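In: Model the following, please.
(one chain, ligands or ions: 1)
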Amino acid sequence: MITAATPSAQVQAAPYAARVGMAGAGQLARMTFQAAADLDVRMQVLAGTADDAAVRAGAPYRLGPPDDLAALRTIARSADVLTLDHEHVPIQVLERLVADGHVVRPGPRAVRLAADKLHARRDLQAAGFPVPRFAEVHDVAGVAALAERTGWPVVVKARGGGYDGRGVHVVRDVHEAAAVLAAGGAWLAEEHVDLGSEVSVLLARRPGGETAVYPLAETTQVDGICRELTLPALLDPQLELDARELGIAIAEHAGVCGVAAIELFVTTGGGLLVGELAVRPHNSGHATIEACRTSQFHNHLRGILDWPLGDPGLRVPAAAMVNVLGAGDGRTTSRLPRALAVPGAAVHLYGKAERAGRKLGHVTATGPDPQAALQIARAAASELQGA
Ligand code: ADP
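Out: Residues are numbered from 1 along each chain as shown. Purely as a prediction, here's the structure:
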(Lines give C-alpha, C1' and ligand atoms only; values in the text may rest on other atoms or scores of the structure.)
Protein backbone atom coordinates (compact mmCIF):
# COMPACT_ATOMS: atom_id res chain seq x y z
CA MET A 1 0.00 0.00 0.00
CA ILE A 2 1.23 3.47 -0.79
CA THR A 3 0.70 6.00 1.98
CA ALA A 4 0.24 9.57 0.93
CA ALA A 5 2.80 12.00 2.24
CA THR A 6 1.40 14.43 4.80
CA PRO A 7 0.47 17.61 2.95
CA SER A 8 3.20 20.10 3.75
CA ALA A 9 0.62 22.79 4.53
CA GLN A 10 -0.33 20.80 7.64
CA VAL A 11 3.25 20.47 8.89
CA GLN A 12 4.29 23.15 11.32
CA ALA A 13 7.73 24.56 10.48
CA ALA A 14 10.03 24.30 13.47
CA PRO A 15 10.68 27.65 15.12
CA TYR A 16 14.23 28.92 14.71
CA ALA A 17 16.50 28.66 17.74
CA ALA A 18 16.95 32.44 17.43
CA ARG A 19 16.89 35.21 14.84
CA VAL A 20 19.84 37.50 14.26
CA GLY A 21 20.22 40.51 11.97
CA MET A 22 23.68 41.60 10.88
CA ALA A 23 24.67 44.95 9.40
CA GLY A 24 27.12 44.06 6.67
CA ALA A 25 27.48 41.07 4.39
CA GLY A 26 31.21 40.63 3.91
CA GLN A 27 33.35 37.61 4.75
CA LEU A 28 32.74 37.94 8.49
CA ALA A 29 28.99 37.82 7.90
CA ARG A 30 29.49 34.90 5.51
CA MET A 31 31.37 32.83 8.09
CA THR A 32 28.95 33.86 10.86
CA PHE A 33 26.12 32.71 8.58
CA GLN A 34 27.80 29.32 8.24
CA ALA A 35 27.92 29.04 12.04
CA ALA A 36 24.29 30.23 12.26
CA ALA A 37 23.24 27.30 10.09
CA ASP A 38 24.87 24.89 12.57
CA LEU A 39 22.80 26.33 15.41
CA ASP A 40 19.59 26.82 13.39
CA VAL A 41 19.80 30.55 13.92
CA ARG A 42 18.03 32.53 11.21
CA MET A 43 20.37 35.26 10.08
CA GLN A 44 19.44 38.15 7.81
CA VAL A 45 22.05 40.62 6.60
CA LEU A 46 22.14 44.21 5.38
CA ALA A 47 24.06 43.96 2.12
CA GLY A 48 25.49 46.65 -0.11
CA THR A 49 24.93 44.50 -3.20
CA ALA A 50 23.27 41.18 -4.02
CA ASP A 51 26.76 39.88 -4.78
CA ASP A 52 28.18 40.42 -1.28
CA ALA A 53 30.06 37.51 0.30
CA ALA A 54 27.32 36.47 2.76
CA VAL A 55 24.56 36.77 0.15
CA ARG A 56 26.47 34.50 -2.24
CA ALA A 57 26.55 31.92 0.55
CA GLY A 58 22.75 32.09 0.77
CA ALA A 59 22.06 34.54 3.60
CA PRO A 60 18.64 36.24 3.40
CA TYR A 61 19.28 39.95 2.89
CA ARG A 62 18.00 43.46 2.42
CA LEU A 63 19.91 45.89 0.28
CA GLY A 64 21.14 49.18 1.66
CA PRO A 65 24.18 51.17 2.75
CA PRO A 66 25.42 50.85 6.36
CA ASP A 67 23.61 54.04 7.42
CA ASP A 68 20.21 52.93 6.09
CA LEU A 69 18.11 53.32 9.24
CA ALA A 70 14.91 52.17 7.56
CA ALA A 71 16.48 48.93 6.29
CA LEU A 72 18.16 48.26 9.64
CA ARG A 73 14.85 48.85 11.41
CA THR A 74 13.16 46.31 9.17
CA ILE A 75 15.89 43.76 9.82
CA ALA A 76 15.88 44.48 13.57
CA ARG A 77 12.08 44.05 13.80
CA SER A 78 12.36 40.44 12.68
CA ALA A 79 15.42 39.65 14.81
CA ASP A 80 16.06 38.96 18.48
CA VAL A 81 19.43 40.70 18.25
CA LEU A 82 21.05 43.03 15.74
CA THR A 83 24.82 42.69 15.34
CA LEU A 84 27.58 43.94 13.02
CA ASP A 85 30.19 42.65 10.62
CA HIS A 86 31.91 46.06 10.44
CA GLU A 87 32.00 49.34 12.33
CA HIS A 88 30.57 51.59 9.62
CA VAL A 89 27.03 51.95 10.95
CA PRO A 90 26.93 55.53 12.32
CA ILE A 91 26.68 55.64 16.13
CA GLN A 92 23.54 57.83 15.91
CA VAL A 93 21.84 55.12 13.84
CA LEU A 94 22.73 52.47 16.42
CA GLU A 95 21.44 54.75 19.18
CA ARG A 96 18.14 55.22 17.34
CA LEU A 97 17.73 51.47 17.03
CA VAL A 98 18.40 51.04 20.75
CA ALA A 99 15.93 53.86 21.53
CA ASP A 100 13.37 52.01 19.38
CA GLY A 101 13.73 49.08 21.77
CA HIS A 102 15.87 46.80 19.59
CA VAL A 103 18.65 44.73 21.13
CA VAL A 104 21.91 45.87 19.50
CA ARG A 105 25.03 43.87 20.43
CA PRO A 106 27.67 45.16 20.68
CA GLY A 107 26.09 48.43 21.80
CA PRO A 108 26.91 51.92 20.53
CA ARG A 109 29.45 52.63 23.29
CA ALA A 110 31.64 49.66 22.33
CA VAL A 111 31.22 50.33 18.61
CA ARG A 112 32.36 53.93 19.02
CA LEU A 113 35.61 52.75 20.59
CA ALA A 114 36.24 50.60 17.52
CA ALA A 115 35.07 53.13 14.94
CA ASP A 116 36.71 56.34 16.11
CA LYS A 117 40.46 55.99 16.69
CA LEU A 118 40.85 59.38 18.36
CA HIS A 119 37.96 58.73 20.75
CA ALA A 120 39.43 55.30 21.52
CA ARG A 121 42.89 56.71 22.29
CA ARG A 122 41.39 59.39 24.58
CA ASP A 123 38.94 57.11 26.31
CA LEU A 124 41.40 54.27 26.90
CA GLN A 125 44.14 56.62 28.07
CA ALA A 126 41.73 58.30 30.51
CA ALA A 127 40.83 54.85 31.84
CA GLY A 128 44.51 54.13 32.47
CA PHE A 129 45.25 51.76 29.59
CA PRO A 130 48.66 52.02 27.89
CA VAL A 131 48.36 53.73 24.49
CA PRO A 132 51.02 55.24 22.21
CA ARG A 133 51.57 58.99 22.64
CA PHE A 134 49.09 60.70 20.35
CA ALA A 135 47.48 64.02 19.45
CA GLU A 136 44.50 65.20 17.46
CA VAL A 137 45.93 67.05 14.45
CA HIS A 138 44.32 69.57 12.11
CA ASP A 139 47.41 70.62 10.18
CA VAL A 140 51.11 69.98 9.60
CA ALA A 141 52.02 72.12 12.62
CA GLY A 142 50.09 69.68 14.79
CA VAL A 143 52.01 66.71 13.39
CA ALA A 144 55.31 68.58 13.83
CA ALA A 145 54.39 69.39 17.44
CA LEU A 146 53.87 65.69 18.18
CA ALA A 147 57.15 64.83 16.43
CA GLU A 148 58.89 67.34 18.73
CA ARG A 149 57.93 65.06 21.60
CA THR A 150 58.30 61.65 19.96
CA GLY A 151 60.75 62.16 17.08
CA TRP A 152 60.12 61.19 13.45
CA PRO A 153 58.65 59.12 11.90
CA VAL A 154 55.13 59.70 13.11
CA VAL A 155 52.02 57.69 12.25
CA VAL A 156 49.19 59.81 10.86
CA LYS A 157 45.82 58.07 11.01
CA ALA A 158 42.35 58.84 9.76
CA ARG A 159 39.99 59.09 12.75
CA GLY A 160 37.49 56.69 11.21
CA GLY A 161 36.54 54.73 8.14
CA GLY A 162 39.94 53.05 7.66
CA TYR A 163 40.63 49.32 7.56
CA ASP A 164 43.45 47.07 6.43
CA GLY A 165 45.91 49.92 6.83
CA ARG A 166 43.94 52.35 4.67
CA GLY A 167 44.10 55.63 6.49
CA VAL A 168 47.34 54.69 8.31
CA HIS A 169 50.41 56.56 7.07
CA VAL A 170 53.95 56.54 8.40
CA VAL A 171 55.36 59.99 7.66
CA ARG A 172 59.03 60.89 7.95
CA ASP A 173 58.84 64.69 7.82
CA VAL A 174 56.50 67.66 7.45
CA HIS A 175 56.40 67.30 3.66
CA GLU A 176 55.11 63.75 3.85
CA ALA A 177 52.67 64.82 6.56
CA ALA A 178 51.38 67.62 4.32
CA ALA A 179 50.82 65.20 1.45
CA VAL A 180 48.70 62.95 3.69
CA LEU A 181 46.67 65.74 5.29
CA ALA A 182 45.95 67.24 1.86
CA ALA A 183 43.36 64.49 1.37
CA GLY A 184 41.18 66.26 3.97
CA GLY A 185 39.22 64.65 6.81
CA ALA A 186 39.80 64.20 10.53
CA TRP A 187 43.20 62.93 11.70
CA LEU A 188 45.26 61.95 14.69
CA ALA A 189 49.00 61.48 14.85
CA GLU A 190 50.84 59.11 17.12
CA GLU A 191 54.36 58.04 17.92
CA HIS A 192 55.80 55.39 15.66
CA VAL A 193 56.14 52.45 18.03
CA ASP A 194 59.21 50.19 17.69
CA LEU A 195 57.33 46.95 17.23
CA GLY A 196 58.85 43.73 18.49
CA SER A 197 55.67 41.92 17.48
CA GLU A 198 51.89 42.34 17.32
CA VAL A 199 49.46 40.09 19.13
CA SER A 200 45.70 39.84 19.13
CA VAL A 201 43.63 39.02 22.19
CA LEU A 202 40.47 37.50 20.79
CA LEU A 203 37.59 36.91 23.17
CA ALA A 204 33.87 36.41 23.36
CA ARG A 205 31.68 37.96 26.03
CA ARG A 206 28.10 37.54 27.17
CA PRO A 207 25.94 40.41 28.43
CA GLY A 208 26.44 39.31 32.04
CA GLY A 209 30.22 39.46 31.64
CA GLU A 210 31.09 35.75 31.18
CA THR A 211 34.14 35.79 28.94
CA ALA A 212 35.94 33.15 26.85
CA VAL A 213 39.47 34.14 25.89
CA TYR A 214 41.20 32.50 22.94
CA PRO A 215 44.89 31.66 22.95
CA LEU A 216 46.88 34.72 21.90
CA ALA A 217 47.69 34.97 18.19
CA GLU A 218 50.75 36.65 16.74
CA THR A 219 49.96 38.64 13.61
CA THR A 220 52.23 39.92 10.86
CA GLN A 221 51.23 43.09 9.03
CA VAL A 222 52.63 44.27 5.72
CA ASP A 223 51.67 47.84 4.74
CA GLY A 224 49.14 47.85 7.59
CA ILE A 225 47.30 44.77 6.31
CA CYS A 226 47.34 41.46 8.19
CA ARG A 227 49.18 38.94 6.02
CA GLU A 228 49.66 35.98 8.31
CA LEU A 229 49.13 34.77 11.83
CA THR A 230 50.44 32.04 14.09
CA LEU A 231 48.67 30.46 17.04
CA PRO A 232 49.56 30.30 19.86
CA ALA A 233 51.82 33.36 20.04
CA LEU A 234 55.09 32.26 21.60
CA LEU A 235 55.52 34.98 24.20
CA ASP A 236 57.26 35.17 27.50
CA PRO A 237 54.68 33.69 29.94
CA GLN A 238 54.43 36.86 32.06
CA LEU A 239 53.95 39.01 28.95
CA GLU A 240 51.28 36.61 27.73
CA LEU A 241 49.46 36.86 31.03
CA ASP A 242 49.69 40.66 30.96
CA ALA A 243 48.39 40.77 27.38
CA ARG A 244 45.43 38.54 28.24
CA GLU A 245 44.56 40.62 31.29
CA LEU A 246 44.86 43.83 29.32
CA GLY A 247 42.54 42.45 26.63
CA ILE A 248 39.97 41.30 29.17
CA ALA A 249 40.07 44.62 31.04
CA ILE A 250 39.56 46.60 27.83
CA ALA A 251 36.66 44.37 26.75
CA GLU A 252 35.06 44.87 30.15
CA HIS A 253 35.64 48.62 30.04
CA ALA A 254 34.12 48.80 26.55
CA GLY A 255 31.16 46.63 27.55
CA VAL A 256 31.80 44.34 24.60
CA CYS A 257 29.17 41.75 23.75
CA GLY A 258 29.94 38.96 21.31
CA VAL A 259 33.43 38.62 19.87
CA ALA A 260 36.07 41.34 20.11
CA ALA A 261 39.73 41.51 19.18
CA ILE A 262 42.12 43.71 21.08
CA GLU A 263 45.21 44.21 18.97
CA LEU A 264 48.31 44.91 21.05
CA PHE A 265 51.73 46.22 20.13
CA VAL A 266 54.61 44.43 21.87
CA THR A 267 57.42 46.98 21.90
CA THR A 268 61.03 45.99 21.29
CA GLY A 269 61.53 46.78 24.97
CA GLY A 270 58.94 44.15 25.91
CA GLY A 271 56.14 46.56 26.86
CA LEU A 272 52.51 46.44 25.75
CA LEU A 273 50.54 49.21 24.06
CA VAL A 274 46.99 49.12 22.74
CA GLY A 275 46.89 49.00 18.94
CA GLU A 276 43.21 48.97 18.13
CA LEU A 277 39.96 47.39 19.10
CA ALA A 278 37.48 45.49 16.89
CA VAL A 279 34.08 44.57 18.32
CA ARG A 280 33.05 41.77 15.95
CA PRO A 281 34.59 38.59 14.62
CA HIS A 282 38.07 39.45 13.39
CA ASN A 283 40.62 38.40 10.82
CA SER A 284 42.93 37.33 13.65
CA GLY A 285 40.29 34.76 14.67
CA HIS A 286 39.74 32.92 11.39
CA ALA A 287 42.05 30.08 12.41
CA THR A 288 39.72 29.31 15.33
CA ILE A 289 37.49 27.42 12.86
CA GLU A 290 40.03 24.63 12.50
CA ALA A 291 42.24 25.20 15.55
CA CYS A 292 39.89 25.76 18.49
CA ARG A 293 37.10 23.83 20.15
CA THR A 294 34.65 26.64 19.35
CA SER A 295 35.15 29.01 16.44
CA GLN A 296 34.91 32.78 16.88
CA PHE A 297 31.81 32.76 14.67
CA HIS A 298 29.95 30.30 16.89
CA ASN A 299 31.03 32.20 19.98
CA HIS A 300 29.96 35.52 18.48
CA LEU A 301 26.44 34.18 18.04
CA ARG A 302 26.49 32.55 21.47
CA GLY A 303 27.73 35.79 23.08
CA ILE A 304 25.19 38.13 21.47
CA LEU A 305 22.33 35.66 22.08
CA ASP A 306 23.37 35.30 25.73
CA TRP A 307 23.90 31.58 25.35
CA PRO A 308 26.64 29.62 27.14
CA LEU A 309 29.98 30.29 25.46
CA GLY A 310 31.98 27.46 23.93
CA ASP A 311 35.48 26.38 24.92
CA PRO A 312 37.97 28.64 23.11
CA GLY A 313 40.91 26.30 23.78
CA LEU A 314 43.14 24.84 21.08
CA ARG A 315 42.32 21.35 19.85
CA VAL A 316 45.66 21.10 18.05
CA PRO A 317 49.15 22.00 19.21
CA ALA A 318 49.43 24.96 16.83
CA ALA A 319 47.96 26.62 13.76
CA ALA A 320 48.66 29.32 11.21
CA MET A 321 46.58 31.42 8.85
CA VAL A 322 47.63 33.24 5.71
CA ASN A 323 45.36 35.76 4.01
CA VAL A 324 44.87 35.32 0.27
CA LEU A 325 45.20 38.68 -1.43
CA GLY A 326 44.10 39.32 -5.00
CA ALA A 327 46.99 38.89 -7.42
CA GLY A 328 45.34 41.32 -9.81
CA ASP A 329 45.21 38.90 -12.74
CA GLY A 330 41.58 37.89 -12.10
CA ARG A 331 42.52 34.22 -11.88
CA THR A 332 42.78 33.61 -8.13
CA THR A 333 39.73 31.36 -7.86
CA SER A 334 40.67 29.38 -10.99
CA ARG A 335 43.82 28.31 -9.13
CA LEU A 336 41.75 26.79 -6.28
CA PRO A 337 42.45 23.14 -7.25
CA ARG A 338 46.19 23.79 -6.99
CA ALA A 339 45.78 25.12 -3.46
CA LEU A 340 43.53 22.20 -2.52
CA ALA A 341 46.32 19.85 -3.60
CA VAL A 342 48.46 21.09 -0.70
CA PRO A 343 48.02 18.46 2.03
CA GLY A 344 46.66 19.86 5.28
CA ALA A 345 45.59 23.24 3.91
CA ALA A 346 42.05 24.41 4.75
CA VAL A 347 41.12 26.91 2.05
CA HIS A 348 38.37 29.50 2.49
CA LEU A 349 37.29 31.71 -0.41
CA TYR A 350 34.88 34.59 0.13
CA GLY A 351 33.44 34.97 -3.37
CA LYS A 352 34.66 38.54 -3.68
CA ALA A 353 35.50 40.24 -6.96
CA GLU A 354 39.25 40.35 -7.46
CA ARG A 355 41.26 43.52 -7.04
CA ALA A 356 45.01 43.53 -6.54
CA GLY A 357 45.70 43.36 -2.80
CA ARG A 358 42.05 42.75 -1.79
CA LYS A 359 41.44 39.99 0.77
CA LEU A 360 39.74 37.23 -1.21
CA GLY A 361 40.09 34.39 1.24
CA HIS A 362 42.41 32.75 3.72
CA VAL A 363 44.16 29.46 4.30
CA THR A 364 44.51 27.80 7.69
CA ALA A 365 46.74 24.87 8.57
CA THR A 366 47.38 23.10 11.83
CA GLY A 367 50.54 21.35 12.92
CA PRO A 368 52.90 20.34 15.69
CA ASP A 369 54.21 23.91 15.97
CA PRO A 370 53.28 27.32 14.52
CA GLN A 371 56.09 27.39 11.95
CA ALA A 372 55.24 23.96 10.53
CA ALA A 373 51.61 25.05 10.15
CA LEU A 374 52.70 28.32 8.58
CA GLN A 375 54.70 26.55 5.86
CA ILE A 376 51.58 24.64 4.77
CA ALA A 377 49.29 27.67 4.84
CA ARG A 378 51.84 29.74 2.92
CA ALA A 379 52.23 27.06 0.27
CA ALA A 380 48.49 26.94 -0.44
CA ALA A 381 48.10 30.73 -0.35
CA SER A 382 50.98 31.06 -2.83
CA GLU A 383 49.26 28.64 -5.18
CA LEU A 384 46.12 30.77 -5.09
CA GLN A 385 48.07 33.96 -5.61
CA GLY A 386 49.94 32.42 -8.52
CA ALA A 387 53.20 33.22 -6.75
P1 ADP B 1 43.56 49.52 10.54
O2 ADP B 1 42.36 50.07 11.23
O3 ADP B 1 43.64 49.91 9.10
O4 ADP B 1 43.77 48.04 10.78
P5 ADP B 1 45.60 50.06 12.58
O6 ADP B 1 45.47 51.29 13.40
O7 ADP B 1 45.30 48.76 13.21
O8 ADP B 1 44.79 50.28 11.20
O9 ADP B 1 47.07 49.98 11.99
C10 ADP B 1 47.42 49.00 11.06
C11 ADP B 1 48.86 48.57 11.29
O12 ADP B 1 49.74 49.68 11.14
C13 ADP B 1 49.12 48.04 12.68
O14 ADP B 1 48.77 46.69 12.81
C15 ADP B 1 50.63 48.26 12.79
O16 ADP B 1 51.34 47.25 12.09
C17 ADP B 1 50.81 49.58 12.07
N18 ADP B 1 50.72 50.69 13.05
C19 ADP B 1 49.61 51.35 13.42
N20 ADP B 1 49.88 52.29 14.35
C21 ADP B 1 51.21 52.22 14.58
C22 ADP B 1 52.11 52.91 15.44
N23 ADP B 1 51.70 53.90 16.23
N24 ADP B 1 53.42 52.56 15.42
C25 ADP B 1 53.86 51.57 14.61
N26 ADP B 1 53.07 50.89 13.77
C27 ADP B 1 51.75 51.19 13.75
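
In: what's the closest non-adjacent residue to the residue in the stretch 251-387 of the chain that the ligand sits nearest to?
Out: Ranked by C-beta to the nearest ligand atom, the top residue of the stretch 251-387 of the chain for proximity to the ligand is Glu276, at 4.2 Å. The C-beta positions use only the backbone N, C-alpha and C, and glycine is treated the same way. Distances taken as C-beta to C-beta, 6 or more residues apart in numbering put Glu263 closest to Glu276, at 5.2 Å, once the chain neighbours are dropped.

In: was I right about that neighbour contacting Asn283?
Out: No. Taking C-beta atoms under 8 Å as the contact criterion, Glu263 and Asn283 are not neighbours in contact, 10.0 Å apart.

In: what residues do the two have in common as contacts?
Out: Counting by C-beta atoms under 8 Å, 6 or more residues apart in numbering, Glu263 and Asn283 have no common neighbour.

In: if we can go back for a sec, where does the residue nearest to Glu276 sit, in terms of helix or strand?
Out: Here Glu263 is covered by strand 258-267, with elements defined by DSSP states H and E.

In: Counting neighbours, what do you get for the nearest residue to Gly351 once chain neighbours are set aside?
Out: Distances taken as C-beta to C-beta, 6+ apart put Arg56 closest to Gly351, at 4.2 Å, once the chain neighbours are dropped. Look at Arg56: counted by other C-beta atoms under 10 Å, it has 15 neighbours.

In: picking up where we left off before, how much space separates the residue nearest to Glu276 from Ala71?
Out: 30 Å (C-beta to C-beta, to the nearest Å).

In: For the residue nearest to Glu276, give the beta-bridge partners.
Out: In this structure, Glu263 has the following beta-bridge partners (DSSP bridges): Ser200, Glu276.

In: Kindly provide the distance from it to Gly386.
Out: Taken as C-beta to C-beta, the span from Glu263 to Gly386 is 30 Å.

In: Neighbour count: these two, which is higher?
Out: Glu263 (21 against 13).

In: mean confidence for stretch 290-306?
Out: Averaged across stretch 290-306, pLDDT comes to 98.

In: What residues sit buried inside it?
Out: If you call a residue buried by 16 or more other C-beta atoms under 10 Å, then stretch 290-306 has these buried ones: 290-292, 294-306.

In: does Gly247 really touch Val213, like I thought?
Out: Yes. Look at Gly247 against Val213 with C-beta under 8 Å: they come within range, at 7.0 Å.

In: who touches both of those two?
Out: Taking C-beta under 8 Å, 6+ apart as the contact rule, Gly247 and Val213 both touch Val201, Leu203.

In: Pick out whichever of those two has more residues nearby.
Out: Neighbours of Gly247 and Val213, each counted by other C-beta under 10 Å, are more numerous for Gly247; the result is 27 against 17.

In: where does that one fall, phi/psi-wise?
Out: Backbone torsions of Gly247, given as degrees, to the nearest 10, read phi -60, psi -40.

In: Quick check: closest non-adjacent residue to it.
Out: Leaving out its chain neighbours, the residue that sits closest to Gly247 by C-beta to C-beta, 6+ apart is Val201, at 2.8 Å.

In: Check the gap between the one you found and the ligand for me.
Out: Distance of Val201 to the ligand, given as C-beta to the nearest ligand atom, to the nearest Å: 14 Å.

In: list the contacts for that residue?
Out: Taking C-beta under 8 Å, 6+ apart as the contact definition, Val201 lies against Val213, Tyr214, Leu216, Ala243, Arg244, Leu246, Gly247, Ile248, Ala261, Ile262, Glu263, Leu264.

In: Of those residues, just say which sits nearest to Phe33.
Out: Distance to Phe33 across these (C-beta to C-beta) is lowest for Ala261, with 19.5 Å.

In: Now do the same contact list for the closest one.
Out: Contact partners of Ala261, counting by C-beta under 8 Å, 6+ apart, are Ser200, Val201, Leu202, Leu203, Leu277, Ala278, His282, Ser284, Gly285.

In: Spatially nearest residue to it (excluding sequence neighbours)?
Out: For Ala261, the nearest residue in space outside its immediate sequence neighbours is His282; the separation is 3.6 Å by C-beta to C-beta, 6+ apart.
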